[in-house]
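Peer 1: Need coordinates for the following:
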Amino acid sequence: MTASSLRYLLKEGFRNTWANRMMSIASICVLMSCLVMMGGATMIFFNIDSILGRIEDENVVMVFIEDDATDAETAAMGASLEKTNNIKDVEFIPKEDAWADQLATMEEAQAAFFKEMSDKIPLPDAYKVTVDDLQQFDSTIESIKKLDHIDTIRENKDLAKRLVSIRHGIEIIAIVIISVLLAISIFIISNTIKLTVYSRRLEISIMKSVGATNNFVRLPFVVEGMILGIISGIISLGLVWGFYEFAIQQFSDLLSELKLTALPFENYALQMLGAFVAIGIATGAGGSVITMGRYLNREGSEISAV
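Peer 2: Alright, predicted model coming up:
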């Protein structure tokens, strides 16, 4: 195919988009609806994942140290914990600080009673350990137990397993929803382009009769589908952004009461725009290829009879 032919076919694709603007608008609206639902669902999943991440960070493992451990042995334990696989953060909690925090939660009389009853702090030094990947929680705990001078370990294995299950469930739901919406988009775009092909079947028949190749006939429709996909992607991003900010304003009081903060959309805008445009192009071009393939394998006379 020569450069002049390619320019002609690209120009035809843009011209056909405007000439068939009613069908183009219908295609854009359908694809835009699917992309907006995808974007909305994606931001919901991102926020849920962020909340789960915060819960995971709070699901710490408390490693209590033996009372007779020396400062050097305590420091060595901390270094060993930091070198242990799948540990994100290690924080030393002196028993003085832990006891002060404990007394602060008590009423004044109760705190004074405990101070008088014991001259010695009844709590051990400890390390607060944050696990990185909860799927490896059990193996990480087993590695920690092998360290020396450990008195006890306090961990919540059940919560870790629940969080892992919830995360997996959310990932599966996200994949299913996005796949279904993408399939619906391709199906509807294909049927919309089918109407366009039907209205121009005589033109296609003539082009095939004079020896036009399949690619020569197909390219304007592919370009048309890509244009519709790009337009849909850009508009969809604006709509998702607007709906997201509106939802945050409406639920701001509830989020404040729950001490939750919604993720800022601008952190994901560029990636979402790229994804929307890519999905739009793939859906538009894919729908065109699928639809045209049903016609271009026939002779021109057969197409005219459709």
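Peer 1: Run the chain-centre distance for the strand or helix carrying I281.
Peer 2: Element membership of I281, judged by DSSP states H and E, is helix 266-296. Relative to its chain's centre, helix 266-296 lies at 18 Å (CA atoms, centre = their mean, to the nearest Å).
Peer 1: Return the per-residue confidence for R294.
Peer 2: Model confidence at R294, expressed as pLDDT, equals 64.
Peer 1: my guess is A160 contacts F137, does it?
Peer 2: Yes - applying CB atoms under 8 Å as the test, A160 and F137 come out as touching, 4.3 Å apart. In this view, the C-beta of every residue, glycine as well, is placed from N, C-alpha and C.
Peer 1: Overlap in contacts, these two.
Peer 2: Counting by CB atoms under 8 Å, 6 or more residues apart in numbering, the shared contacts of A160 and F137 are V131.
Peer 1: what ranges do the helices span in the protein?
Peer 2: With DSSP state H, the ranges of helices along the chain come out as 3-19, 21-58, 71-83, 95-104, 108-117, 137-145, 157-199, 201-209, 214-250, 252-257, 266-296, 300-304.
Peer 1: And for the residue lying closest to P94 once chain neighbours are set aside, the neighbour number?
Peer 2: Once flanking residues are discounted, P94 sits nearest to D125: 5.9 Å by CB to CB, 6 or more residues apart in numbering. Neighbour count for D125, taken as other CB atoms under 10 Å: 22.
Peer 1: mind checking how far D125 is from A109?
Peer 2: From D125 over to A109 the distance is 28 Å, taken as CB to CB, to the nearest Å.
Peer 1: Same question for A183.
Peer 2: Distance, A183 to A109, by CB to CB: 67 Å.
Peer 1: Between those two, which has more neighbouring residues?
Peer 2: Counted by other CB under 10 Å, A183 and A109 do not tie: A183 has more neighbours, with 12 against 7.
Peer 1: Quick check: the gap between that one and F45.
Peer 2: Distance, A183 to F45, by CB to CB: 19 Å.
Peer 1: again with A76
Peer 2: 42 Å.
Peer 1: I178 now?
Peer 2: 10 Å.
Peer 1: can you check F246 too?
Peer 2: Between F246 and F45 the computed distance is 19 Å (CB to CB).
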